[in-house]
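Trainee: all I have is the shape, not the residue letters:
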């Protein structure tokens, strides 16, 4: 990999599931931090966050309404759980590397991240002149401490740091850190860029007095209600941010968000359903609809009947009417899925043919497997945007193929009690690069492998991919892995869900994007301005 900031990653979940009941943060990371920004645009409805023109103006307070209020939220830098946590995260902190609004990797605090030829050692080089909110310089010791803190506290990001030999890491100078690995780890950059847990904090970081490097610093915080941040004048992106303050108000329902926006109580709100689009447009609001690689999946346990037979898994994939699901669940604003994650990843194999809706072929496969007319229970819960509605469409689709799908709808809390154990259920995931998702979702020891999928060839290919920094070879290996996902896997992705935000006409600065991972143009707070 000649340029380490051009390729792949993902994230995690369990404690998030209860806290984010009914809310899907369909995303994977922050707006690009370096380089010049694409030109702003304009319109009352956009599909690329093209929402503003003119020269940015300084000053003013943005009133932001975030979905997912919870008494468990916090300004913690490395363990966000609910949507308001993620919104605050990108207001207050910065990562080493991130995914931009067009799903490309871009440096954040790092100036360079490079492996040795065998990907058994990584060198991190910071930009010059970086400052924390308290005026302290950001150093390589802070980067090492940030990684060590994640591992020590067993935060979700620790899963992706396991290959690193942090005990033998060396601080080479104020800006340079070198970390050996326990085994080849060529996709480290993609992994930490795709996950929101790798923000840099100072040595001795105290979440009760949170200090970061983000465009804004904390003024006040009331769990489950509100946070206030103000402009950090020594932010590392020259000339930014433009706003003086952001007040984040937390809401427990979409209706409350919409009412607040329409009444003028807030200027911007996030993660809306497709059903709200016309209402908000009719009220004169700007609606931003963007594509994303996040999704609500259908999960089949491949180690339990009837899904231990690959023909039954293929039958379920064929009986799903994905176009109907997109139309009914997402008002046609999503992108039809093909049971392979990593949408937008340059390593993904886009030549894999789109799986058709073919109930007759599905019926034939069920008959061949001795499962024609089989009855199965699909466990669903409001774990994600449209999850229950998607299950209801699947229930109807199955009838045409001769399969009787019975829905068992649970609360999120009850669903979580048996998480990773349901035979036929659902899950959700954020956008992320393919090779960053694999260690979390589909590899042999993946912690969130709800389908219990374990294919010897697949695992061998994954090890080969980690051991090479050659992009051409990686792309060939990923293609083979994705064909296995497509043919044999138990993780079904009917639709990639859209991210829908809305704001008043006075909000500007959102960046055009083709495949974002978070709301608010990947939470690019530093670019927003009021006019």
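Mentor: Alright, I've got the coordinates. None of the values given here were measured: they were computed from a predicted structure.

Trainee: stretch 145-162 spans what distance, first to last residue?
Mentor: 15 Å (C-alpha to C-alpha, to the nearest Å).

Trainee: now swap in stretch 417-436 and tell me
Mentor: 26 Å.

Trainee: what residues sit buried inside it?
Mentor: 419-420, 422-436 (16 or more other C-beta atoms under 10 Å). Yep, even glycine has a C-beta here, placed from its N, CA and C like the rest.

Trainee: sort out for me which of the residues you listed are in helices.
Mentor: 434, 435, 436 (DSSP state H).

Trainee: can you put the residues you listed in TSV and add distance to residue 93 and pLDDT?
Mentor: Supplementary listing: those in TSV, determined by distance: C-beta to C-beta, whole Å; pLDDT from 0 to 100:
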residue	distance to residue 93	pLDDT
434	26	94
435	25	93
436	20	87
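
Trainee: show me where the stretch 301-450 of the chain dips below the pLDDT cut-off.
Mentor: For the stretch 301-450 of the chain, no stretch has pLDDT under 70.

Trainee: which parts of the stretch 201-350 of the chain are helices?
Mentor: With helices called from DSSP state H, counting those that start in this stretch, the stretch 201-350 of the chain shows them at 254-263, 277-282, 310-319, 322-330.

Trainee: just checking, what packs against the third one?
Mentor: This means helix 310-319. With contacts taken as 3 or more C-beta pairs under 8 Å, 6 or more residues apart in numbering; DSSP states H and E, helix 310-319 sits against strand 295-300, helix 359-368, helix 387-400, helix 471-488.

Trainee: hmm, who's touching the helix or strand just after the longest one?
Mentor: Which is helix 471-488. Beyond helix 471-488 on the C-terminal side, the first helix or strand identified by DSSP states H and E is strand 491-492. With C-beta atoms under 8 Å, 6 or more residues apart in numbering as the test, strand 491-492 has contacts from 297-300, 316-317, 320, 339, 341, 441-442, 450-451, 453, 485.

Trainee: ok, now stretch 214-234?
Mentor: Contacts of stretch 214-234 (C-beta under 8 Å, 6+ apart): 69-75, 84, 88, 90-94, 131, 133, 135, 210-211, 235, 237, 240-241, 243-250, 525-526.

Trainee: follow-up on the earlier one: which one of the contacts of strand 491-492 has the most neighbours?
Mentor: Neighbour tally across those (other C-beta atoms under 10 Å): the maximum, 30 neighbours, falls on residue 341.

Trainee: give me the distance between the closest residue to that residue other than its chain neighbours and residue 198.
Mentor: Leaving aside its sequence neighbours, residue 341 sits nearest to residue 437 (C-beta to C-beta, 6 or more residues apart in numbering; 5.3 Å). Counting by C-beta to C-beta, to the nearest Å, the separation of residue 437 from residue 198 is 16 Å.

Trainee: settle it for me: which of these two has more neighbours?
Mentor: residue 437 (30 against 26).

Trainee: that older thread, isn't the residue nearest to residue 341 right up against residue 340?
Mentor: No: applying C-beta atoms under 8 Å as the test, residue 437 and residue 340 come out as separate, 10.4 Å apart.

Trainee: circling back: please pick the buried ones from the contacts of stretch 214-234.
Mentor: If we count by 16+ other C-beta under 10 Å, the contacts of stretch 214-234 have these buried: 69-70, 73-75, 84, 88, 90-94, 133, 210-211, 235, 240-241, 243, 246-250, 525-526.

Trainee: among these, which are in strands?
Mentor: When the buried ones among the contacts of stretch 214-234 are checked against strands (DSSP state E), the matches are 246, 247, 248, 249, 250.

Trainee: please convert these to JSON lines, extending it with distance to residue 155 and pLDDT.
Mentor: Output for those, formatted as JSON lines (distance: C-beta to C-beta, whole Å; pLDDT from 0 to 100):
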{"residue": "246", "distance to residue 155": "25", "pLDDT": "98"}
{"residue": "247", "distance to residue 155": "27", "pLDDT": "98"}
{"residue": "248", "distance to residue 155": "22", "pLDDT": "98"}
{"residue": "249", "distance to residue 155": "27", "pLDDT": "97"}
{"residue": "250", "distance to residue 155": "22", "pLDDT": "94"}
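
Trainee: any idea which of the residues you listed is closest to residue 61?
Mentor: residue 247 (6.2 Å; C-beta to C-beta).

Trainee: from residue 327, how far out is that closest one?
Mentor: 37 Å.

Trainee: kindly report the same for residue 174.
Mentor: Taking C-beta to C-beta, one finds residue 174 at 55 Å from residue 327.
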